[in-house]
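Engineer: sequence first, then the predicted structure, then my questions.
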Amino acid sequence: MSSTTLVTDTVTVFSRELRPVLRDPFSVVFSMIQPLVFLGLFTPLLPEVEGGSALQWFVPGIVVMSCLFSTSFTGSNLLFEIQTGAHERMLVTPLRRPALIVGRALKEIVPMIVQTAIIVAVCTPFGFDLHLGGVVVGVLILAVMAVGLGALSYTLALASKNTEWLFWTVQQTVLFPLLLLAGILLPVDDGPGWLRALSSANPLTYVVDAQRALFNGEFPASTVLAAVVASVAVAALGLAVGTRAMRRSS
Amino acid sequence: MTGMDSSVVHMNATMIQTTGLTRHFTVKGQRARAPRAARFSKNIVEAVRGLDLRVDEGELVALLGPNGAGKSTTLRMLTTLIPPTSGTAVVAGHDVVAEQREVRRVIGYIGQGNGAALSQRGRDELVSQGRAYGMSVRDSKARAAELIASLDLAAVADRPTSSLSGGQKRRLDIAMGLIHAPRLLFLDEPSTGLDPQNRANLQEHILKLRAEHGTTIVLTTHYLDEADAMAERVIVIDHGAVIADDTPARLKADHAGDRITLGFGSASDAARAAARLGGLDGAVVSTGGVEVEVRAQGGPRLVPGILRGLDAAGIAVESTAVSRPTLDDVFLNLTGRSLREGVVSLSNEEVAA
Ligand SMILES: Nc1ncnc2c1ncn2[C@@H]1O[C@H](COP(=O)(O)OP(=O)(O)O)[C@@H](O)[C@H]1O
Ligand SMILES: [Mg+2]
């Protein structure tokens, strides 16, 4: 029997996670309904922006939002596998524990890319000005963030184990403050000081700011760098706590 | 894959050796009767208590015990899922704590739950499982196809497993446990929840595996007939400790005699008969209404003598029945409780859950 490495183990876990998505691509499209509803209902409410569509401001935020939604939900798949016994079965295989979390978290990138492509494709005919280079760089940064958020969601699932309500309570409690404080639906610039302070502690804020610039074809170095740092920090944190939780999982 | 030859050569090699294997769980429990301050204190559950166990290569061993006896906890320690609180376990030559990956590489494990995720297709899960053990994609696919055919899963292997029946899911679990042709296979309650036909079918598969590959098999069960029919060695576990360990035949011979049931015309006849039979060597006599029950070795041979003796004393016997002991009788004699009661209460719990 050939030997495995951390990389081959990660590929094994990644491909396993991806397989149901590939077998049933509509599941990704389905998860798009909510962001698209937000787009359809919010955009008409946005004030007219000088020299462009309100979509230019709103689309990057919606891209981050749909990434946040799907990555924060993803732990529920693991929770389900913990309850049925599939997770236990994998724990008894020689798969390295970090691979069990890294492979799963990396898979989050794929639906994120598909969702971004769909949002951009849907909005472009309605006046969204497509800057492909900026979108690609934005997606790269978001990919790192997706890995981190996915890993955190999986960690929450491992911690919840047999108490499903804990997972959903924490997920819902954290999700909306993160969303609102990142200035995705409304700008926080004009908010009170405490709100701006909270917002600046939210890593997603930096990612949203950078996406807005990048999706508009601008590359402000400091904004992009802040987003990279925030994403890498979330990914590092997520994978670290996730690996720790996976090693203790039984 | 180890063929018959190698299994014969290594027949006496030790496959599992545990010394004082112990596992405690801490549970936060409400103790209604405790003093107020201690009411929410943590309780220690001694799930497995000082297990000393040796299983040789090629053996088929059943761990038999009621719900909560510590069977799953034992298996979870032997398969590296949870570390022992104290004591050691060496599985296939490797320590379950210090050499987890080495242990994982050589064992197969079929847990109490279902191993395939509901969102996945059976064949995909089998291939992933093969990859997890370092098999190439091609080998994994070939092995998956082989197992799908031999476990009769061809019709359902390419459907999401959520649509499979309980029996089909369990066969898929077995297939996943076998993907890497392990030398040592653990099965936790493999046939729980299956109807009798599926259960028989599964038992047949397990026995075939053993006959063809000489796989060492450790399974847990609370089904008496399953332990009796399949295992050459039954380890009876209760409250986390081994209370008996032998072949089913020896267990019955040592711990439970045959049961001779005599029926009489009246309770007073029964009482008189019981008093006389009390002198019988090595027999345990009990009375219930008009019936007398005698437990003794070699029951069928004793009956003619018993009947003659009672006849001579003028006590008319109206009916006789002799039954061979079951493992339940063994358990009853060892613990004073019936395993069947445990089974009944378990299924109630399952219904309620
Ligand atoms: N994770 C756990 N936390 C707390 N108690 C547990 C845990 N796992 C098992 N137990 C307890 O340990 C005992 C043995 O359980 P188990 O090994 O599952 O028994 P069996 O498999 O023989 O039915 C039971 O009292 C059970 O409640
Ligand atoms: Mg059990």
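Structural biologist: Good, I have the coordinates. Numbering: from 1, shown residues only, chains lettered A, B, ... in the order given. Ligands and ions are numbered 1, 2, ... in the order given.

Engineer: how about low-confidence regions in the chain?
Structural biologist: This is for chain A. Across chain A, the ranges flagged by pLDDT under 70 are A:1-2, A:49-52.

Engineer: try again with chain B
Structural biologist: B:1-12, B:29-41, B:340-353.

Engineer: which positions in it make contact with ligand 1?
Structural biologist: Residues of chain B lying close to ligand 1 (Cβ under 6 Å from any ligand atom) are B:25, B:27, B:45, B:47, B:65, B:67, B:68, B:69, B:70, B:71, B:72, B:73. C-beta: built from backbone N, CA, C; applies to glycine.

Engineer: which two among those are spaced furthest apart?
Structural biologist: Pairwise distances across the residues of chain B next to ligand 1 peak at 19.9 Å for B:27 and B:65 (criterion: Cβ to Cβ).

Engineer: between these two, point out the one with more neighbours.
Structural biologist: Per other Cβ atoms under 10 Å in any protein chain shown, whichever of residue B:27 and residue B:65 has more neighbours is residue B:65, with 27 against 9.

Engineer: quick one: contacts for the closest residue to residue B:185 other than its chain neighbours?
Structural biologist: Nearest non-adjacent residue to residue B:185, counting by Cβ to Cβ, 6 or more residues apart in numbering or on different chains: residue B:108, 4.4 Å away. Contact analysis of residue B:108 by Cβ atoms under 8 Å, 6 or more residues apart in numbering or on different chains lists B:177, B:178, B:179, B:180, B:182, B:184, B:185, B:186.

Engineer: can you pull out the strands in the stretch 1-150 of chain B?
Structural biologist: Under the criterion DSSP state E, counting those that start in this stretch, the stretch 1-150 of chain B carries strands at the ranges B:14-28, B:42-56, B:60-64, B:86-91, B:94-95, B:107-110.

Engineer: which outside residues touch the shortest one?
Structural biologist: Outside strand B:94-95, the residues within contact range by Cβ under 8 Å, 6+ apart are B:88, B:89, B:102, B:103, B:106.

Engineer: go ahead and confirm the first one touches residue B:19.
Structural biologist: Yes: with contact defined as Cβ atoms under 8 Å, residue B:88 counts as touching residue B:19 (5.1 Å).

Engineer: buried residues in stretch A:34-48, which are they?
Structural biologist: A:35, A:36, A:38, A:39, A:42, A:43 (16 or more other Cβ atoms under 10 Å in any protein chain shown).

Engineer: which of those are close to ligand 1?
Structural biologist: Within the buried residues of stretch A:34-48, nothing lies near ligand 1 by Cβ under 6 Å from any ligand atom.

Engineer: as a markdown table, those with distance to chain B and secondary structure would be great.
Structural biologist: Below are the buried residues of stretch A:34-48 laid out as a markdown table (distance: Cβ to the nearest Cβ, whole Å; DSSP: H, G, I helix; E, B strand; the rest coil):
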| residue | distance to chain B | secondary structure |
| --- | --- | --- |
| A:35 | 22 | helix |
| A:36 | 23 | helix |
| A:38 | 26 | helix |
| A:39 | 28 | helix |
| A:42 | 32 | helix |
| A:43 | 33 | helix |
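
Engineer: which one among these gets closest to ligand 1?
Structural biologist: residue A:35 (39.3 Å; Cβ to the nearest ligand atom).

Engineer: got a list of what the closest one touches?
Structural biologist: Counting by Cβ under 8 Å, 6+ apart, residue A:35 has contacts A:62, A:65, A:66, A:69, A:115, A:119.

Engineer: I am finished for the moment; much appreciated.
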